[in-house]
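K.L.:
attaching a predicted model along with its sequence, questions to come.
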Amino acid sequence: MKNLIVDNKFNKKTLSYYLLHKFPSLSINSIYKALRKKDIVLNGVRIKNDIILNCGDHITIYISDNVLNNSNFSIIYEDDNILIIDKPYKIDIPSLASNMKEQLKYSFIEPCHRLDLNTRGIVLFAKNKISLETCLRKFKNQRFEKHYHCVVYGIPKNNYGNLSNFLFKDSKKGIVYISNIKKKGYVPIKTIYNVICNNIQKNISLLDVQIPTR
């Protein structure tokens, strides 16, 4: 069971639109099923229709927390142009975009950058073509900073580092090779890191990493 109060952002929006934004794991069918069973209460009255909401409305939904919270993404920020998502581990960007289109019914939603399958983090999506072009241009011109937190084996000698190496990606094998000298087919890369903390007993460190050449 969840108790909610509608804020001004969802004034004059449908109940289903509101719930899909609040609980991205919900399907529209789950909402209609709850309405048929009268498991949704609006301002103290059980309802059975997908009605228009007003700012300040009180909603109680009697849907299992497992269903409400079983989401493969969560919304951090949204306006008319962009959407910022916390992408979980073990889901790729195309699948995430597809799920968002299905669950949130966006007519246009496109990622502005990529994040690896095995990486959890923030992903920026554009909600229209103008926003997409603007964000892609800013990423290309490095107007955005991208930071990664990672755990590494060992304790760095310095709390800050600016490393320069060379990288070769074997697409057929799916392997990346790093060299400290220039070789044929290798491209220059830079990695900047700051030590956040370390664990001497376990010989591991948590780093804040930037990859300006990526």
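P.N.:
Arrived safely, thanks for sending.
K.L.:
check contacts around residue 191.
P.N.:
161, 162, 163, 165, 209, 210, 211 (CB atoms under 8 Å, 6 or more residues apart in numbering). All C-beta atoms are positioned from the backbone trio N, CA, C, and that covers glycine.
K.L.:
tally of neighbours for the fourth one?
P.N.:
I take that to be residue 165. 14 (other CB atoms under 10 Å).
K.L.:
just say helix, strand or coil for it.
P.N.:
strand (DSSP: H, G, I helix; E, B strand; the rest coil).
K.L.:
ok, it - contacts?
P.N.:
For residue 165, the contact set (CB under 8 Å, 6+ apart) comprises 178, 179, 180, 188, 189, 191.
K.L.:
just the buried members of those?
P.N.:
By neighbour count, with 16 or more other CB atoms under 10 Å, the contacts of residue 165 hold 189, 191 as buried.
K.L.:
save the contacts of residue 165 as TSV, and put in secondary structure too.
P.N.:
What follows is the contacts of residue 165, written out as TSV (three-state DSSP):
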residue	secondary structure
178	strand
179	strand
180	coil
188	strand
189	strand
191	strand
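K.L.:
re the thing from before, tabulate the contacts of residue 191 (CSV), appending secondary structure, distance to residue 10 and pLDDT.
P.N.:
Converted to CSV, those look like this (DSSP: H, G, I helix; E, B strand; the rest coil; distance: CB to CB, whole Å; pLDDT from 0 to 100):
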residue, secondary structure, distance to residue 10, pLDDT
161, strand, 46, 94
162, strand, 46, 94
163, strand, 47, 92
165, strand, 49, 94
209, strand, 38, 96
210, strand, 37, 93
211, coil, 38, 87
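K.L.:
could you identify the most distant pair in the contacts of residue 165?
P.N.:
Greatest spacing in the contacts of residue 165, by CB to CB: 179 and 191 (13.7 Å).
K.L.:
C-terminal to the helix or strand of the chain with the lowest mean pLDDT, what's the next element?
P.N.:
One helix or strand of the chain scores below all others by mean pLDDT, DSSP states H and E: helix 65-69, with a mean of 63. Later in the chain than helix 65-69, the nearest helix or strand by DSSP states H and E is strand 74-78.
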